[in-house]
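S.K.: Structure, please.
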Amino acid sequence: MYQRLAGSLAVLCLAVCSGCSGTEYETITTNAVTGRLTVNGAPATGATVRFHPESPQPGAKYPLLPSGKVDAEGVYQLTTYEGDDGAPAGAYTVTIEWPDRNWRPPSGGMPPPPPDRLQGVYADPKKSTIHMKVEEGANEMEPIVLENVKILKGSSLN
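M.R.: Predicted structure coming up:
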């Protein structure tokens with residue numbers, strides 16, 4: 001009797017656990033998005049470009065925030081769910097953060113994030129003046145060209 005009970009419990013546990021282990025969620029169709037970012041004439045290598053939806057995305061439980069890292073050529077490709085899959089169609093406000101690569105965290109404890117070379121000027125979606133529209137299909141965005149930007153003291157463009 002105990003063996004039968006133990007076997008039934010094992011089957012029940014497997015059924016419950018297998019239902020919890022999946023990463024099933026509804027995805028919204030994304031569209032390839034590439035663009036360029038330069039600051040004071042140089043590629044903003046390592047900067048993060050993030051697209052914030054300007055209106056709710058149909059079918060999304062939570063706002064999706066596609067983002068991409070700027071490479072050495074100044075190019076970024078957006079990712080929403082997995083590597084360079086793009087962004088859902090729609091209007092976006094764009095934010096930019098560019099961590100200082102020369103920053104060294106203080107020793108001990110959990111280090112704070114590195115300071116933003118752009119000093120947070122482009123980090124707040126409520127204050128950003130950069131707007132982009134993603135269309136169905138492949139998108140080559142207008143370049144983001146930031147000129148006469150004050151860079152964090154002690155930091156450099158590369």
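
S.K.: rest of the way, CA atoms for contacts and neighbours
M.R.: Will do.

S.K.: show me the contacts for the residue most central in space within the chain.
M.R.: The centroid of the chain falls nearest to Ser67 when counting by CA atoms, centre = their mean (2.9 Å). For Ser67, the contacting residues are 48-51, 77-80, by CA atoms under 8 Å, 6 or more residues apart in numbering.

S.K.: Give me the spatial nearest neighbour of it, chain neighbours excluded.
M.R.: Among residues not flanking Ser67 along the chain, Arg50 sits closest, at 4.2 Å (CA to CA, 6 or more residues apart in numbering).

S.K.: Please report the distance of that neighbour from Asn40.
M.R.: Separation of Arg50 from Asn40 (CA to CA, to the nearest Å) stands at 20 Å.

S.K.: More neighbours: those two, which one.
M.R.: A count of neighbours by other CA atoms under 10 Å puts Arg50 above the other of Arg50 and Asn40, at 21 against 14.

S.K.: so which strand or helix has that one?
M.R.: Taking DSSP states H and E as the criterion, Arg50 maps to strand 48-53.

S.K.: The helix or strand of the chain with the lowest mean pLDDT: what's the following helix or strand?
M.R.: Every helix and strand in the chain was compared by mean pLDDT, DSSP states H and E; the lowest is helix 2-21, with a mean of 46. Moving toward the C-terminus from helix 2-21, the next helix or strand (DSSP H and E) is strand 33-39.

S.K.: send the alpha carbons of that next one over as CSV?
M.R.: Listed next in CSV are the C-alpha coordinates belonging to strand 33-39 (Å, rounded to 0.1, in the frame of the first residue of the first chain):
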residue,chain,number,x,y,z
VAL,A,33,15.5,47.2,-35.9
THR,A,34,19.0,48.5,-36.5
GLY,A,35,20.4,52.0,-36.0
ARG,A,36,23.4,54.1,-35.2
LEU,A,37,24.4,56.3,-32.2
THR,A,38,27.2,58.8,-32.2
VAL,A,39,28.2,61.2,-29.4
